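Novice: Need coordinates for the below:
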Amino acid sequence: MIKVSNLRKSFKDNLVLKDISFDVNEGDVVAIIGPSGSGKSTLLRCLNFLEKPDAGYIEIGGESVDVKRVNRAAVNKLRMQTSMVFQHYNLFKNKTVLENVSHALVVTKKMDRAHAKQKGRDLLNQVGILEKENHYPISLSGGQQQRVGIARALAVNPYAILFDEPTSSLDPEWVGEVLRVISKIAKNNKTMLIVTHEMNFAREIADKVIFMADGVIVEQGTPQEVFDNPKQERTKKFLENFNRNNDIKEDSFYPAGYVK
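Specialist: Numbering: from 1, shown residues only. Below you'll find the model as predicted:
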């Protein structure tokens, strides 16, 4: 499981995460929603120490750290439990699609190159982009690059995948293809935390929804509890504003262009 207790993070005098605590069961999909600047992306980055938290306790897949007493070895073990899918893809521009996916298998898993390439091809086929294996990222659409990023995250078989707003940099026409891939992975019981502004998708795919605002978890629960019967006024206001601005129909859970 994933267990986070009293996690805090500041940037100089700006307290971004204020005693964040939550649990994630193995195989669950957790959607983290909330207004911009609420600390959602910082939370993900603290879980794998891309940002070092100031205090708190993190447990992922049996590896745990007390932030104030952590050492490099413990951080490395914790990092091995997750893979990250970034907003802006973060692919190696000088490597082909296949090389981007197989690189971590060679470097971190010490897999021989032939085996790593075959594993990479299997993953590219899984995300529907095998025909681009010899292309470089610059020649791909945003949606294609993000699918490569997802294949790369899957390659090392992490306990959990962390998605940091995976569709926010995409043109609307490519959003659906990336959401389809994520939905397919979710059906394989892979533990996932997804920071997203796609409320309809979050409602459909998540086992649990966390609503953050101003560096705290305001409310968490099932999609039905958070979206249909929110208890906190801050949650209600956020959802009302979102629905008003996006003209969402109650029975329309997916963005334009999404096909199950």
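Novice: which regions of the stretch 101-250 of the chain sit below the pLDDT cut-off?
Specialist: Along the stretch 101-250 of the chain, segments meeting pLDDT under 70 span 247-250.
Novice: which stretches of it form helices?
Specialist: Residue ranges of the helices in the stretch 101-250 of the chain, as given by DSSP state H, counting those that start in this stretch, are 113-126, 142-155, 172-186, 199-205, 223, 233-246.
Novice: and the fourth one, what does it pack onto?
Specialist: To tie it back to what came earlier, the one meant is helix 199-205. Applying 3 or more Cβ pairs under 8 Å, 6 or more residues apart in numbering; DSSP states H and E, one finds that helix 199-205 contacts strand 29-33, helix 172-186, helix 223, helix 233-246. C-beta coordinates here come from the backbone N, C-alpha and C atoms, glycine included.
Novice: gap between the longest one and the chain center?
Specialist: Put plainly, it is helix 172-186. 13 Å (Cα atoms, centre = their mean, to the nearest Å).
Novice: Grab the nearest non-local neighbour of the one residue sitting closest to the centre of the chain.
Specialist: Nearest to the mean C-alpha position of the chain, counting by Cα atoms, centre = their mean, stands residue 163 at 1.4 Å. Nearest residue to residue 163 in three dimensions, chain neighbours excluded: residue 194, at 4.3 Å (Cβ to Cβ, 6 or more residues apart in numbering).
Novice: before we move on, back to that, right, and the helices of the stretch 101-250 of the chain - which one's nearest residue 25?
Specialist: Using Cβ to Cβ as the criterion, the shortest distance between residue 25 and the helices of the stretch 101-250 of the chain is 13.6 Å, found for helix 172-186.
Novice: How about residues contacting stretch 178-188?
Specialist: For stretch 178-188, the external contacting residues (Cβ atoms under 8 Å, 6 or more residues apart in numbering) are 29, 126-128, 143, 146-147, 150, 154, 161, 163, 166-167, 170, 192, 194, 198, 201, 204-205, 254-255, 258-260.
Novice: Specify the beta-bridge partners of the residue nearest to the centre of the chain.
Specialist: Assessed by DSSP bridges, residue 163 has beta-bridge partners residue 85, residue 194.
Novice: I figured it hits residue 191, correct?
Specialist: No. Checked against Cβ atoms under 8 Å, the pair residue 163 and residue 191 is beyond contact range at 11.6 Å.
Novice: hang on, the earlier thing: out of the contacts of stretch 178-188, which end up buried?
Specialist: Among the contacts of stretch 178-188, those scoring as buried are 29, 126-127, 143, 146-147, 150, 154, 161, 163, 166-167, 170, 192, 194, 198, 201, 204-205, 254-255, 258 (criterion: 16 or more other Cβ atoms under 10 Å).
Novice: neighbours around residue 102, how many?
Specialist: 29 (other Cβ atoms under 10 Å).
Novice: can you tell me which residues contact residue 235?
Specialist: Contacts of residue 235 (Cβ under 8 Å, 6+ apart): 211, 218, 219, 226.
Novice: Kindly write the PyMOL command that selects the buried subset of these.
Specialist: For the buried members of the contacts of residue 235, the matching PyMOL selection, counting by 16+ other Cβ under 10 Å, is:
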select buried, resi 211+218+219+226
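Novice: Make CSV from the contacts of residue 235 and add distance to residue 90 to it.
Specialist: Formatted as CSV, the contacts of residue 235 follow (distance: Cβ to Cβ, whole Å):
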residue, distance to residue 90
211, 27
218, 30
219, 31
226, 30
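Novice: Grab the two from the contacts of residue 235 that are most spread out in space.
Specialist: Pairwise over the contacts of residue 235, using Cβ to Cβ, the maximum falls at 218 and 226, 9.8 Å.
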